[in-house]
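1. got a sequence here, can you build the structure:
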Amino acid sequence: MKILLVEDEQKLADALAKGLGLEGYTVDTIADGKKALTRISLQRSDYDLVILDLMLPSMDGHEICKQVREMNITIPILILTARAETDTKVKLLLSGADDYLVKPFSFAELNARIQALLRRPVESLPETLKVGDIELNPAERRAIREGKEIPLTLKEFGLLEYFMRHPGIVVNREDLLNHLWDFNYAGFSNVVDVHVKNLRRKLGEDAGRLLETVRGIGYRLAQ
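-> Presented below is the predicted three-dimensional model:
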């Protein structure tokens with residue numbers, strides 16, 4: 001899952017990004033309100049969740065949330081606020097926020113709120129995904145095939161989850177790179193292919209048929 005974190009307090013942004021990374025999320029960070037709105041409007045399909053600070057330079061979180069919803073962008077938004085007044089909370093929810101968290105907060109509570117929001121996609125999706133003989137539980141981060149658990153790295157798990165949410169559909173490498181690596185990634189160009197190769201190896205001998213290469217485009221998980 002990929003998160004856009006909009007927070008102008010650098011130490012907090014760094015700490016949250018690090019903690020979320022250890023939980024398996026890919027995180028992009030932005031410190032400016034208007035830049036965040038532009039990123040969300042242009043790259044809405046790249047993110048599964050926006051964590052948005054209320055007080056930001058150039059445009060506050062309330063206005064960002066309001067404009068995002070006016071553009072019919074349905075990505076879940078969690079707002080961080082130092083204001084605990086009931087009026088503020090009501091205003092945030094009316095502007096289109098899905099949830100809010102009052103500072104200071106524990107990382108455990110933030111993580112719980114994130115997981116709750118990610119279980120509430122626009123289209124109802126089962127908590128356990130099943131394609132063929134593969135079962136995947138995103139909440140428990142477990143992948144099972146033919147009754148045996150598959151030991152996957154965070155990136156391998158992310159790849160498999162993405163494929164299983166798009167069974168039978170050709171997924172191009174750029175989509176995978178945008179979804180599973182952060183915005184500033186500047187590593188080697190075939191990083192996706194390397195991780196897919198490792199994923200296939202762990203899935204078993206018939207993984208080439210199960211997760212097929214579509215030459216010149218990307219990959220497709222057979223239904």
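
2. what helices or strands is the helix or strand of the chain with the lowest mean pLDDT leaning on?
-> Least confident helix or strand, the chain: helix 86-94 with a mean of 76, by mean pLDDT, DSSP states H and E. Judged by 3 or more CB pairs under 8 Å, 6 or more residues apart in numbering; DSSP states H and E, helix 86-94 is in contact with helix 61-70, strand 77-81, strand 99-102. Just so you know, the C-beta spots here come from the backbone N, C-alpha and C atoms, and that holds for glycine as well.

3. of these, which shows the lowest average pLDDT?
-> Here the lowest mean pLDDT among the helices and strands packed on helix 86-94 goes to strand 99-102, at a mean of 86.

4. so what does that one touch, helix or strand wise?
-> Using 3+ CB pairs under 8 Å, 6+ apart: strand 99-102 touches strand 77-81, helix 86-94, helix 107-118.

5. a markdown table please, covering the ones you listed and showing distance to Tyr25 and mean neighbour count.
-> Formatted as a markdown table, the helices and strands packed on strand 99-102 follow (distance: least, CB to CB, whole Å; neighbours: other CB atoms under 10 Å):
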| stretch | distance to Tyr25 | mean neighbour count |
| --- | --- | --- |
| strand 77-81 | 13 | 23 |
| helix 86-94 | 23 | 13 |
| helix 107-118 | 8 | 15 |
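
6. save those as JSON lines, and put in distance to Val214 too.
-> Formatted as JSON lines, these follow (distance: least, CB to CB, whole Å):
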{"stretch": "strand 77-81", "distance to Val214": "34"}
{"stretch": "helix 86-94", "distance to Val214": "43"}
{"stretch": "helix 107-118", "distance to Val214": "28"}
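
7. any idea which of the ones you listed gets closest to Arg173?
-> helix 107-118 (24.1 Å; CB to CB).

8. for stretch 13-21, buried residues please.
-> 13, 16-17, 20 (16 or more other CB atoms under 10 Å).

9. no, scratch that, I was asking about stretch 29-46
-> Neighbour-count burial for stretch 29-46 flags 29-31, 33, 36-37, 39-40, 44, 46 (criterion: 16+ other CB under 10 Å).

10. how is the chain carved up into domains?
-> Listed by automatic domain parsing, the domain ranges of the chain are 2-118, 129-221.

11. winner for burial among those domains?
-> Of all the domains of the chain, domain 2-118 has the most neighbours on average by mean count of other CB atoms under 10 Å, namely a mean of 17.
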